[in-house]
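# Task: produce atomic coordinates for the following.
(one chain, ligands or ions: 1)
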Amino acid sequence: MKVTKKEFKEKFEKRLQDRFAISIEDASSTELYETLGKVIKSYYSSDWKHTRQDYLNHEQKQVYYFSIEFLPGRMLKSNLLNLGMLEMVQEALVEWNIDLEDLVQEEPDMALGNGGLGRLASCFMDSLASIGMPGNGNGIRYEYGLFKQKFVDGYQVELPDEWLNQRNIWEVRRESKAVDVHFGGNVYLKESPTGQLKPVYEGGYSIKAIPYDTGMTGYENDTVNTMRLWSAEVTEEDKINFQNFEDRKELENLTSVLYPDDSNEAGLRFRLSQEYFFVSAGMQSILHYYKSLGLPMTEMNKFIAIHINDTHPAMCVPELMRLLVDEEGMAWEKAWDVTTKVMSYTNHTIMSEALEKWKISLMKEVCPRIYQIIKEIDRRFVEEWSHVFDPELIERTRIIRNKQVHMAHLAIIGTHSINGVAKLHSDLLKSVVLKDFYTIYPDRFNNKTNGIAQRRWSQISNPLLSSTLDKYIGKSWRKNADDLKLLLNHADDKKVYADLAKVKKENKKRLAQYIKETKGIEVSPDAIFDVQVKRLHAYKRQLMNLMHIIKLYLDIKENPDLDITPRVFIFGAKAAPSYHFAKSVIKLINETANLINNDASINGKLKVVFLENYNVSLAELIIPAADVSEQISLASKEASGTSNMKFMLNGAVTMATLDGANIEIRDVVGDDNIKIFGLTEAEVYRYYNEQNYNSADIYNNNPVIHRVVNAFIDGTIPNSRMEGQEIYDSLIKYNDEFFILRDFMSYCEAQESLDADYKDKARWGKMSLTNIAHAGHFSADNTVRKYAEDIWQIEPVRKG
Ligand code: Z15
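Got it, this is the predicted structure:
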């Protein structure tokens, strides 16, 4: 799209006048933001229509990505960039004395997700559109996104995220596409005149599902895909039918709030209702669409692919069976054949507490027909395989076991493809976690290493780096991230190192300013910015990072002349509200920060900053300013990680365990350009098998570790007696579940080696440059292309 500045300005002024009857000088930032949003939308609305028509006219196979979370963050700049209007609009606004950044701040950060899983879904949405693939999102329009985090006296406090209070300018409500979703009641099967068994429903409730569509613009390719989020509404007429107040309240609020647990399942009925709600609404609307094409039902898999992002949408399988068998009258075997060909599933974790299981009794209450269908799938699974494999293996792989429905089992049995999100993770699925399933269905298993929306994590968040790259390697990398490799032509050029260092310093100043404003802490942009930002979780080992900080603090106290490069340790992390341990770690980091930041005797060599309310927008500010990226999970526990890729793209050096995608980062940058430490996954498993890990032994025999661990209980860290004791107990009394003590010395050594590298400007310059140059490997454009080829069998129709 080519829009001139003049055209844009005229349109903008007219919109502003039509909507608010004011001129530019009189408009507030809010009014300007809203107007700009409307103008942008008007520029892509015809592309949006044409994209949809194109897919329809070509009877193009489309993928529907079902995810209970989407985490797009702000969309203003991303849309401007994709439409090729970012610079022009920036300039136009400047001519009116308006800073685009002020308008950006007006947009609420759309936070309908917890962390990696939801952000991945949004990166995929961006990439699908940008490579011209027919891809749709399907999820929930939560009225409240992930809670806002504040610290009070060092403790996390959660506040509601009322993001819809300001109007969401990007969404379009599509009343005419509403569908009903049925909950509860009883279902029994009755023979119809034709001899078929038909379900008869008795009681229960119907909830209206209203779709809100958001345009997903592609990068400079006139493609606009759709993310469809469903909202629950109860009509006046429905209200009369509710038998009790509790049911009514529950269903009315079905889409009001996102569950704030990341990688942990509470097993609550309300959550199950949310899952069935967006699954059923999405599947019904897909089926409407497919029927409008007038094609045979049995060929659905040639036109539709449905992707199940983690197990939350696994009920897509029985729901499609319900629609095909109950509503369309298809024979079970045929319906099953189509269903498994249509469906595919991504697993995001091997942590058992995150693997969803639902009580049979609960599922019977919430969606009785779905439960019946699952039971039948389970029965047929046993029937099909019990003569082929060891009966015990079949017993272990059944969907229904111990009065529970195992959602991962359903997702594997009901799909033709199951993938992990990094090589190691996918291997562990085959060899450990889903070994039994791999025995039954070896061909279904594959790997798709995660990727990131390269443009957001460079061009939008780091414009200075972007223009520096343009200067040396041209602009092709902006579309094709693999071209970042051209930077390797300058791998030994000190001038380039210096330019990259200058960019980094500017970004550090920008972050330092924010730290000063929000936390009142003064940090020097000449210090190393060492960053760990991600959800707070024991396996991610923020605690080990804290212990390293405590060690450095004690070292400096003991030897004030210690020769270390000044460091600023930066944290960003939300803890699930019910996750007690995680909250204790937050409190301890905050108290340690207070202690260190106010201790003049350490001469500003260390600073600790815990930024509040880490979210996508804050990530865009923090990541470009990082020198060091902390990716220190216990090997085997982090399925992939994706911030590791964002940091690398922005020239940070990774401090890494051999876990998740860190391994693949090491493979592309080489051992010299990453700091690897700690146990390997094989060593971790050896401890499990031999059951001989003993943290107390390490504590008793290593004086350094002894001293650091004691800091939690001997009053070194003030105002945290209880929390300190809990942490101490987790490490010593409960045998240190994530082997922090085992990895600690190795971590400290890697940190020392990193300090030495940082002192050597050329050495550091090369490391940083090499990381940027190889970051294209992790572009979600590439990842999504592989999904399209191997799993979905879809092709671009629009120019990619
Ligand atoms: C989540 O964010 C992830 C896994 C989960 O099982 C849930 Cl419930 C939420 C994360 C992984 O922890 C992370 O390693 C991965 O990069 C991300 O999903 C995207 O695949």
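# For the closest residue to the ligand within the stretch 1-150 of the chain, which residues are in contact?
Of all residues in the stretch 1-150 of the chain, the one sitting closest to the ligand is Gly116 (2.9 Å; C-beta to the nearest ligand atom). The C-beta positions use only the backbone N, C-alpha and C, and glycine is treated the same way. Listed by C-beta atoms under 8 Å, 6 or more residues apart in numbering, the contact partners of Gly116 are Asp262, His348, Lys534, Arg535, Ser640, Gly641, Thr642, Ser643.
# mind checking how far it is from Glu395?
33 Å (C-beta to C-beta, to the nearest Å).
# Dump the contacts of Gly116 to CSV, plus pLDDT, secondary structure and distance to Ser426.
Formatted as CSV, those follow (pLDDT from 0 to 100; DSSP: H, G, I helix; E, B strand; the rest coil; distance: C-beta to C-beta, whole Å):
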residue, pLDDT, secondary structure, distance to Ser426
Asp262, 83, coil, 21
His348, 98, coil, 11
Lys534, 98, coil, 21
Arg535, 98, coil, 22
Ser640, 98, coil, 10
Gly641, 98, coil, 14
Thr642, 98, coil, 16
Ser643, 98, helix, 20
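# show me where pLDDT drops low in the protein?
By pLDDT under 70, the low-scoring segments of the chain are 1, 237-246, 799-800.
# C-terminal to the strand of greatest length in it, what's the next element?
If you go by DSSP state E, the chain has its longest strand at strand 205-217. Elements were assigned by DSSP states H and E; along the chain past strand 205-217, the next helix or strand is strand 224-233.
# Strand partners (parallel or antiparallel) of that following strand?
Partner strands for strand 224-233, per DSSP bridges, with pairing direction: strand 135-140 (parallel), strand 205-217 (antiparallel).
# Please save the CA atoms from it in CSV.
Output of strand 224-233 as CSV, limited to C-alpha atoms (Å, rounded to 0.1, in the frame of the first residue of the first chain):
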residue,chain,number,x,y,z
VAL,A,224,-4.9,-9.3,6.5
ASN,A,225,-5.8,-12.5,8.4
THR,A,226,-8.3,-12.8,11.2
MET,A,227,-7.9,-13.5,14.9
ARG,A,228,-11.4,-14.4,16.2
LEU,A,229,-12.0,-14.1,19.9
TRP,A,230,-15.3,-15.3,21.5
SER,A,231,-17.3,-13.5,24.1
ALA,A,232,-20.0,-15.1,26.2
GLU,A,233,-23.3,-13.3,26.4
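# tell me which parts of the stretch 551-700 of the chain are close to the ligand?
Glu638, Ala639, Ser640, Gly641, Thr642, Gly660 (C-beta under 6 Å from any ligand atom).
# okay, now the fifth one: neighbour count?
So the one you mean is Thr642. 25 (other C-beta atoms under 10 Å).
# ok now do it, which residues does it touch?
So Thr642 contacts Gly116, Arg119, Leu120, Cys123, Asn450, Gly451, Ile452, Ala661 (C-beta under 8 Å, 6+ apart).
# Name the member of the contacts of Gly116 with the most neighbours.
Ser640 (28 neighbours).
# Do I have it right that that one meets Val421?
Yes - between Ser640 and Val421 there is a contact at 4.0 Å, judged by C-beta atoms under 8 Å.
# Can you check which residues contact both of those two?
Common neighbours of Ser640 and Val421 (C-beta under 8 Å, 6+ apart) are His348, Thr449, Asn450, Gly660, Ala661.
# so which of these comes closest to Gln404?
His348 (20.2 Å; C-beta to C-beta).
# can you pull the contacts of that closest one?
Gly116, Leu117, Asn309, Asp310, Ala354, Val421, Ala639, Ser640.
# a markdown table please, covering those residues and showing distance to Asn138 and secondary structure.
Compiled in a markdown table, the contacts of His348 are given as follows (distance: C-beta to C-beta, whole Å; DSSP: H, G, I helix; E, B strand; the rest coil):
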| residue | distance to Asn138 | secondary structure |
| --- | --- | --- |
| Gly116 | 19 | helix |
| Leu117 | 15 | helix |
| Asn309 | 10 | strand |
| Asp310 | 14 | coil |
| Ala354 | 21 | helix |
| Val421 | 20 | coil |
| Ala639 | 22 | coil |
| Ser640 | 22 | coil |
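# what does this structure put close to the ligand?
So the chain meets the ligand at 114-117, 120, 262-263, 310, 348-349, 354, 421, 450, 638-642, 660 (C-beta under 6 Å from any ligand atom).
# please redo it, this time with the cut-off set to 5 Å
Residues of the chain lying near the ligand by C-beta under 5 Å from any ligand atom: 115-117, 120, 262-263, 348-349, 354, 421, 638-642.
# Find the pair from those residues with maximum spatial separation.
Ala354 and Thr642 (16.5 Å).
# what inclination does the longest helix along the chain have with respect to strand 205-217?
Ranked by number of residues, the top helix in the chain under DSSP state H is helix 29-57. For helix 29-57 against strand 205-217, the angle by axes from the mean of the first three to the mean of the last three C-alpha atoms, to 10 degrees is 100 degrees.
# and helix 29-57, what does it pack onto?
helix 5-20, helix 76-82, helix 100-104, strand 205-217, strand 224-233 (3 or more C-beta pairs under 8 Å, 6 or more residues apart in numbering; DSSP states H and E).
# what's the neighbour count on the spatially closest residue to Ala335 that is not a sequence neighbour?
The shortest distance from Ala335 to any non-neighbouring residue, by C-beta to C-beta, 6 or more residues apart in numbering, is to Leu324 (3.8 Å). By other C-beta under 10 Å, the residues close to Leu324 number 23.
# Provide a list of residues in contact with Leu324.
Met297, Met330, Lys334, Ala335, Val338, Thr339.
# Can you tell me the SS state at it?
Of the three states, Leu324 takes helix under DSSP: H, G, I helix; E, B strand; the rest coil.
# try Trp457
Per three-state DSSP, Trp457 ends up helix.
# Without its sequence neighbours, what residue ends up closest to it?
Lys646 is the one closest to Trp457 (C-beta to C-beta, 6+ apart), at 4.5 Å.
# ok so Lys733 is a helix residue?
No - Lys733: not assigned to a helix; according to three-state DSSP it is coil.
# buried ones in the longest helix of the chain?
31-40, 43-44, 47-48, 51-52, 54-55 (16 or more other C-beta atoms under 10 Å).
# what's the offset of it from the middle of its chain?
Taking C-alpha atoms, centre = their mean, to the nearest Å, the mean C-alpha location of helix 29-57 is offset from the chain mean by 25 Å.
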